[in-house]
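> here you go, sequence then predicted model.
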Amino acid sequence: MSLLIKNARIITAEHDYTADIFIEKEKITTIGVALNISADRTIDAKGKYVIPGGIDVHTHLDMPFGGTTSSDNFETGTRAAAFGGTTSIVDFATQGRGTKMRTALDTWFKKAEGKVTIDYGFHMIITDLPEADLGDMSDMVREGVTSFKLFMAYPNALMVDDATIFRAMRHTASSGSLICMHAENGNVIDLIVQKALAEGKTAPIYHALTRPTTAEAEAVNRTIALSQMAGAPVYIVHLSCNDALEKVVEARELGLPAYAETCPQYLFLSLDDMNKPGFEDAKVVFTPPLREKWNQEKLWGGLKKNSLQVISTDHCPFCFKEQKELGKGDFTKIPNGGPGIEHRMQLIFDGGVVGKKITLNRWVELTSTTPAKIFGMFPRKGTIAPGSDADIVIWDPDKEHIISAKTHHMAVDYSMYEGKKVKGDAEIVISRGEVIVEKGKFSGKPGRGNYVKRNTYGSAWN
Ligand code: URP
Ligand code: ZN
Ligand code: ZN
């Protein structure tokens with residue numbers, strides 16, 4: 001099947017120009033003005049933007065967490081992603097304590113098999129790493145799992161100590177892989193949480209009020225110091241506040257290879273969106289929590305100046321009914337996470353580009369190109385160029401729509417952005433040359449997504 005996209009206003013991280021794109025055998029083969037090539041199908045993209053498919057490098061599909069499992073599986077989650085213009089994800093496999101990473105990877109491959117509708121890769125969450133098991137990390141790198149998430153939060157569950165972090169970082173320094181850090185001081189937060197519970201503070205808002213920004217900033221600082229000693233690059237996940245951002249800025253000013261992502265929830269929601277009656281606030285209980293509103297402008301500033309390089313979603317949905325409700329009467333039992341995989345491209349286009357906080361090129365860079373580069377997928381993914389996978393979104397910059405759980409495609413019974421009006425939407429979504437979303441309908445077969453065996457960190461710059 002070949003496809004010709006005519007009159008495409010092509011927006012990449014670097015360029016903005018009009019041309020035709022010819023696609024054959026899943027790849028972009030030719031880009032040129034007024035191409036005279038016959039194709040099985042021709043699409044006229046006049047008046048639209050044509051961008052590389054979005055890449056969300058932080059998702060948790062079908063993930064056991066907090067005594068339950070995230071409500072989107074690899075079929076529903078990737079379909080929702082596609083509706084929003086995302087054509088690749090990197091999800092997290094979790095190593096069980098005392099078990100092999102290989103076992104976790106096989107388990108996650110099975111979760112994706114026959115379900116996943118767009119291309120996907122995996123990071124590995126390391127929960128324990130004795131010296132003797134360092135070879136497991138090399139094994140993962142050979143499998144294309146070239147990044148590892150470590151937690152400084154969630155004591156007695158996912159948290160690892162500084163020695164484990166340092167050991168893992170030394171491995172990434174030599175193997176060319178990358179540590180992704182959940183940076184919050186879990187031990188200190190745990191003490192603050194215990195005191196709050198003892199004082200009868202059990203409502204969802206106390207999840208946010210017991211996790212100070214300083215606990216995030218301290219952990220970011222420690223992460224950067226440890227990575228500097230190990231000689232390793234580091235990537236901070238879901239950075240939520242200015243205190244933490246300042247630590248990343250300091251490191252980057254010293255020339256250290258420190259990177260960080262933020263997520264739409266920290267750019268569009270704040271503590272002002274909590275304090276709702278009853279148990280409603282549980283809908284926005286995730287970690288790190290929502291912050292005071294003034295942090296949002298600082299994060300936008302960081303995105304503009306490249307102190308923050310990526311916008312991911314940390315999509316980890318739990319239904320309000322029966323899942324979030326597990327924490328009624330005790331906020332520590334609310335499963336942490338929120339739904340976001342579907343609306344990242346829209347929210348950042350509307351709030352960022354239409355809102356004049358970032359340029360069109362920067363929108364593409366933050367949501368597709370840099371994630372592909374940092375996580376070893378560029379130039380196969382993250383750009384529109386001959387030889388790249390034909391993952392392309394035809395974006396209607398004028399289409400308005402109201403985000404709602406009634407119309408979204410995620411398998412979750414609420415939206416964090418219920419009633420929010422956004423301008424700009426994916427009109428046609430193409431994954432490896434196949435049109436999978438068109439006219440509001442999804443046509444990709446479950447299981448069609450390919451595993452992306454990722455290169456090591458930095459391969460895009462070498
Ligand atoms: O609350 C969150 N973020 N849940 C997902 C797990 C994580 O820490 O990323
Ligand atoms: Zn995390
Ligand atoms: Zn996460």
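Arrived safely. Ligands and ions are numbered 1, 2, ... in the order given.
> so which residues on the stretch 201-350 of the chain come close to ligand 1?
Applying Cβ under 6 Å from any ligand atom, we find that the stretch 201-350 of the chain lies next to ligand 1 at His238, Phe286, Thr287, Asp314, Cys316, Asn336, Gly337. C-beta: built from backbone N, CA, C; applies to glycine.
> tabulate these (JSON lines), appending secondary structure, neighbour count and pLDDT.
Listed next are those as JSON lines, based on DSSP: H, G, I helix; E, B strand; the rest coil; neighbours: other Cβ atoms under 10 Å; pLDDT from 0 to 100:
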{"residue": "His238", "secondary structure": "coil", "neighbour count": "24", "pLDDT": "98"}
{"residue": "Phe286", "secondary structure": "coil", "neighbour count": "26", "pLDDT": "98"}
{"residue": "Thr287", "secondary structure": "coil", "neighbour count": "21", "pLDDT": "98"}
{"residue": "Asp314", "secondary structure": "coil", "neighbour count": "27", "pLDDT": "98"}
{"residue": "Cys316", "secondary structure": "coil", "neighbour count": "25", "pLDDT": "98"}
{"residue": "Asn336", "secondary structure": "coil", "neighbour count": "20", "pLDDT": "98"}
{"residue": "Gly337", "secondary structure": "coil", "neighbour count": "23", "pLDDT": "98"}
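> quick check: the closest residue to Ala93 other than its chain neighbours vs ligand 1, distance?
Nearest in space to Ala93, with sequence neighbours left out and distances taken as Cβ to Cβ, 6 or more residues apart in numbering, is Trp108 at 3.8 Å. Applying Cβ to the nearest ligand atom, to the nearest Å, the value for Trp108 to ligand 1 is 15 Å.
> can you tell me the element Trp108 falls in?
helix 101-112 (DSSP states H and E).
> elements contacting that helix?
strand 86-94, strand 119-125, helix 134-142 (3 or more Cβ pairs under 8 Å, 6 or more residues apart in numbering; DSSP states H and E).
> as JSON lines, these with mean pLDDT would be great.
Listed next are the helices and strands packed on helix 101-112 as JSON lines, based on pLDDT from 0 to 100:
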{"stretch": "strand 86-94", "mean pLDDT": "99"}
{"stretch": "strand 119-125", "mean pLDDT": "99"}
{"stretch": "helix 134-142", "mean pLDDT": "98"}
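> distance to Gly53 and mean neighbour count added to those, as JSON lines?
Output for those, formatted as JSON lines (distance: least, Cβ to Cβ, whole Å; neighbours: other Cβ atoms under 10 Å):
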{"stretch": "strand 86-94", "distance to Gly53": "3", "mean neighbour count": "26"}
{"stretch": "strand 119-125", "distance to Gly53": "9", "mean neighbour count": "24"}
{"stretch": "helix 134-142", "distance to Gly53": "25", "mean neighbour count": "18"}
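> these: which one's closest to Cys180?
With Cβ to Cβ as the criterion, Cys180 lies closest to strand 119-125 of those, at 6.1 Å.
> that closest one vs ligand 1: in contact?
No: applying Cβ under 6 Å from any ligand atom, one finds strand 119-125 out of contact with ligand 1, separated by at least 9.0 Å.
> how much does that strand deviate in direction from strand 86-94?
Angle of strand 119-125 versus strand 86-94, following axes from the mean of the first three to the mean of the last three Cα atoms, to 10 degrees, is 30 degrees.
> does anything pack onto strand 119-125? Which helices or strands?
strand 86-94, helix 101-112, strand 147-151.
> out of those, which gets nearest to Tyr206?
For these, proximity to Tyr206 was assessed by Cβ to Cβ; strand 147-151 is nearest, at 20.9 Å.
> residues of that closest one that come out buried?
Ser147, Phe148, Lys149, Leu150, Phe151 (16 or more other Cβ atoms under 10 Å).
> and for the closest residue to Ser70 other than its chain neighbours, the neighbour number?
Among residues not flanking Ser70 along the chain, Met63 sits closest, at 4.5 Å (Cβ to Cβ, 6+ apart). By other Cβ atoms under 10 Å, 25 other residues sit near Met63.
> and the one 4 residues further on, by the same measure?
Gly67 has 10 neighbouring residues, counting by other Cβ under 10 Å.
> residues from the stretch 51-200 of the chain in reach of ligand 1?
The stretch 51-200 of the chain comes close to ligand 1 at residues His60, His182, as judged by Cβ under 6 Å from any ligand atom.
> so where's the protein shaky on pLDDT?
Within the chain, the stretches with pLDDT under 70 are 461-462.
> now do the lengthiest helix in it against strand 147-151, angle only.
Longest helix of the chain, by residue count under DSSP state H: helix 213-230. Counting by the same axes, to 10 degrees, helix 213-230 points 130 degrees away from the direction of strand 147-151.
> before we move on, back to that, can you lay out the helices and strands packed on helix 101-112 as a markdown table showing distance to Gln194?
As requested, the helices and strands packed on helix 101-112 are arranged in a markdown table below (distance: least, Cβ to Cβ, whole Å):
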| stretch | distance to Gln194 |
| --- | --- |
| strand 86-94 | 26 |
| strand 119-125 | 25 |
| helix 134-142 | 34 |
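> Val437 is nearest to which of those?
For Val437, the closest of those is strand 86-94, at 9.7 Å, according to Cβ to Cβ.
> close to ligand 1: what parts of the stretch 351-462 of the chain are there?
Counting by Cβ under 6 Å from any ligand atom, the stretch 351-462 of the chain has no residue next to ligand 1.
> ok, back up a step: surely the residue nearest to Ala93 is in contact with Val90?
No: using Cβ atoms under 8 Å, Trp108 is not in contact with Val90; the gap is 11.4 Å.
> alright, that wraps it up for me.
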